[in-house]
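In: Just need the structure, nothing else, for what follows:
(4 chains)
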Protein chains: 2
Amino acid sequence: MNDTDVVTAWRQLLAQHATIVCALERELHDKHDLGVSEFEVLDRMAEGVCRSPGGGFRVQELAECVHLSQSALSRLIARLEKDGLVVRSLCEDDRRGVYVSLTPKGRDAHAEAQPTHRAVLGKHL
Amino acid sequence: MNDTDVVTAWRQLLAQHATIVCALERELHDKHDLGVSEFEVLDRMAEGVCRSPGGGFRVQELAECVHLSQSALSRLIARLEKDGLVVRSLCEDDRRGVYVSLTPKGRDAHAEAQPTHRAVLGKHL
DNA sequence: ACGCATTAATTGCTTGTGCATTGAATGCAT
DNA sequence: ATGCATTCAATGCACAAGCAATTAATGCGT
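Out: Predicted coordinates:
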């Protein structure tokens, strides 16, 4: 792959990313009052990946899932918690850590938003 | 393409984007004191696309090129101008607008950074 | 048992971004 | 010529993200 091709591919990636993120941001925010990162976190949690043996999700793991820094995730979780979509609980076996879990309300919010999310992706991929 | 495939593709896109942007940000900032968006703008200008007949580049056009809002571009141009990499000049035929042009220093900065940029892309694509 | 490096998460601070607004210039219709 | 909607760029404002420092808990070595 020569330089020109690489740059072309990169720009295509940038363009596609920008288009989709922008569309998702708009739709998710307007219809469900959720940001893209917020939905992505709810989505991972609803799926159950990143689940720790204890039954909750560790902030660190979620951060890696959605490609955010741990500080960004910490605040994102705080926002979700303020809206009642997740709860933080102490984890017994390592009291430095926190378990984050979906509330029923969070599960509902995700279930409502998922079709919108899929629809936007479907349209653009 | 079913839902699962779409989501898989989307996550792959997100992951790739995150990885590359992160790597670029680090390398460009450390070695050339440039952000990714800043470089992208310099790159487009050095290429000469988005060039207006007047000889400069309009803010609006550059904004579309790099997928940023008009206001973000305005401030980005201001940063580049502060560093002496571009200059703003009045455009005669439409005095609402401005022409942005690369300075020799800006051209040099781009020429220095481009290999780094290409190298990172090459490694990840 | 004690210190010390390490790890988890939060918080202070700075910066970049988008939306909405503003100010200036344009051009079109009357 | 005058008014009015439109367009270009800049700015006020709010907010999300990263880095660095902080706090708390863990565990490893001696």
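
In: C-alpha only now, for contacts and for neighbours.
Out: Noted.

In: Residues of chain A that sit close to DNA strand C?
Out: Taking Cα under 7 Å from any atom of the strand as the criterion, chain A approaches DNA strand C at residues A:58-61, A:70-75, A:77, A:88, A:96-99.

In: any idea which element the residue nearest to the spatial centre of chain A lies in?
Out: Nearest to the geometric centre of chain A sits A:Glu40, at 1.9 Å (Cα atoms, centre = their mean). If you go by DSSP states H and E, A:Glu40 is part of helix A:36-47.

In: Show me what that helix is packed against.
Out: Applying 3 or more Cα pairs under 8 Å, 6 or more residues apart in numbering or on different chains; DSSP states H and E, we find helix A:36-47 packed against helix A:3-32, helix A:59-66, strand A:98-102, helix A:104-124.

In: Identify, out of these, the most deeply packed stretch.
Out: The highest average neighbour count among these, using mean count of other Cα atoms under 10 Å in any protein chain shown, belongs to strand A:98-102 at a mean of 20.

In: Report the inter-axis angle for that strand versus helix A:104-124.
Out: Angle of strand A:98-102 versus helix A:104-124, following axes from the mean of the first three to the mean of the last three Cα atoms, to 10 degrees, is 70 degrees.

In: can you dump the C-alpha coordinates of strand A:98-102 into CSV?
Out: Output of strand A:98-102 as CSV, limited to C-alpha atoms (Å, rounded to 0.1, in the frame of the first residue of the first chain):
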residue,chain,number,x,y,z
VAL,A,98,-16.4,0.0,42.0
TYR,A,99,-19.0,-2.2,40.4
VAL,A,100,-21.3,-0.4,38.0
SER,A,101,-24.6,-2.0,37.1
LEU,A,102,-27.6,-1.2,35.0
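
In: list the helices and strands that strand packs on?
Out: Short answer (3+ Cα pairs under 8 Å, 6+ apart): strand A:98-102 packs on helix A:36-47, helix A:59-66, strand A:86-90.

In: now do 6 Å
Out: Counting contacts by 3 or more Cα pairs under 6 Å, 6 or more residues apart in numbering or on different chains; DSSP states H and E, strand A:98-102 packs against strand A:86-90.

In: Other residues contacting the strand it packs on?
Out: A:Leu80, A:Glu81, A:Val98, A:Tyr99, A:Val100, A:Ser101, A:Leu102, A:Thr103 (Cα atoms under 6 Å, 6 or more residues apart in numbering or on different chains).

In: A:Asp94 should be in a strand, yeah?
Out: No. Read with DSSP: H, G, I helix; E, B strand; the rest coil, A:Asp94 is coil and lies in no strand.

In: and the gap between A:Glu40 and A:Leu28?
Out: Per Cα to Cα, to the nearest Å, A:Glu40 is found 11 Å from A:Leu28.

In: hmm, back to that, max pairwise distance over the residues of chain A next to DNA strand C: which two?
Out: Across the residues of chain A next to DNA strand C, no pair lies farther apart than A:Ala72 and A:Arg96, at 18.0 Å, counting by Cα to Cα.

In: more neighbours, those two?
Out: Legend: neighbour count by other Cα atoms under 10 Å in any protein chain shown for A:Ala72 and A:Arg96, higher for A:Ala72 (14 against 8).

In: Grab the nearest non-local neighbour of that one.
Out: Nearest residue to A:Ala72 in three dimensions, chain neighbours excluded: A:Ala63, at 8.0 Å (Cα to Cα, 6 or more residues apart in numbering or on different chains).
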